[in-house]
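Colleague: Just need the structure, nothing else, for what follows:
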Amino acid sequence: MDDVKIIDSFWGAYRFLSNFHPSRVAYDQVTYETVEHAYQAAKTLDLDHRVEIACLSRPGQAKVAGKSVDLREDWDAVRLAIMHELVTAKFQHQELASLLLCTDDALLVEKNRWGDVFWGTNLDGRGANWLGRILMLVRSKLILERGERS
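Modeller: From the prediction side, this is the model:
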């Protein structure tokens, strides 16, 4: 059996995989400094709150702010699609796209110590790892697009 390369830390050389990594993205007519800002703002339909989150200087502040917004009624139904849209937008930046492609066919796992078992996995490797799955989907699409241009 072939050895599968696993990238299970979005720090250091792989920090660019994190939603906290600087990467300007637009969502619903507002521009955000990171995917984290945009994702947290997307939790509400209140444009004023979205703009407030966009103006925060750090993604950690956006994450905190996202916990106190009026959550849109359809959030559970749309959050995966929104994350996919935002991650796709992030990797339209050529430098970031190249870095993602350099992960080759590695399994991308957002292992974390804060216990997020929806977007990642806990330290024991348990969790849905939706962020890792979305990153791998976006990488596959980039590979296909580059192959079509060749």
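Colleague: May I see the buried residues of the helix ranked longest in the chain?
Modeller: The single longest helix within the chain, with elements called by DSSP state H, is helix 130-149. Using 16 or more other C-beta atoms under 10 Å as the test for burial, helix 130-149 gives 130, 131, 132, 133, 134, 135, 136, 138, 139, 142. To be clear about C-beta, it is placed using only N, CA and C from the backbone, and glycine gets the same treatment.
Colleague: Also stretch 41-52?
Modeller: Under the neighbour-count criterion of 16+ other C-beta under 10 Å, stretch 41-52 has 41, 42, 43, 44, 49, 50 buried.
Colleague: Kindly report the same for stretch 89-103.
Modeller: Buried positions in stretch 89-103, judged by neighbour count with 16+ other C-beta under 10 Å: 89, 90, 91, 93, 96, 97, 99, 100, 103.
Colleague: For that stretch, what is the distance to the chain centroid?
Modeller: 12 Å (C-alpha atoms, centre = their mean, to the nearest Å).
Colleague: Enumerate every residue touching residue 47.
Modeller: Taking C-beta atoms under 8 Å, 6 or more residues apart in numbering, we find residue 47 in contact with residue 30.
Colleague: Could you report the pLDDT at it?
Modeller: At residue 47, the pLDDT value in this model is 97.
Colleague: Which strand or helix spans the nearest residue to residue 53 once chain neighbours are set aside?
Modeller: Excluding the flanking residues, the one nearest residue 53 by C-beta to C-beta, 6 or more residues apart in numbering is residue 41, at 4.1 Å. Assigned by DSSP states H and E, residue 41 belongs to helix 35-42.
Colleague: cool, and residue 119?
Modeller: Using DSSP H and E, residue 119 maps to neither a helix nor a strand.
Colleague: Give me the subset of the buried residues of stretch 89-103 lying in helices.
Modeller: Those of the buried residues of stretch 89-103 mapping onto helices are 89, 90, 96, 97, 99, 100, per DSSP H.
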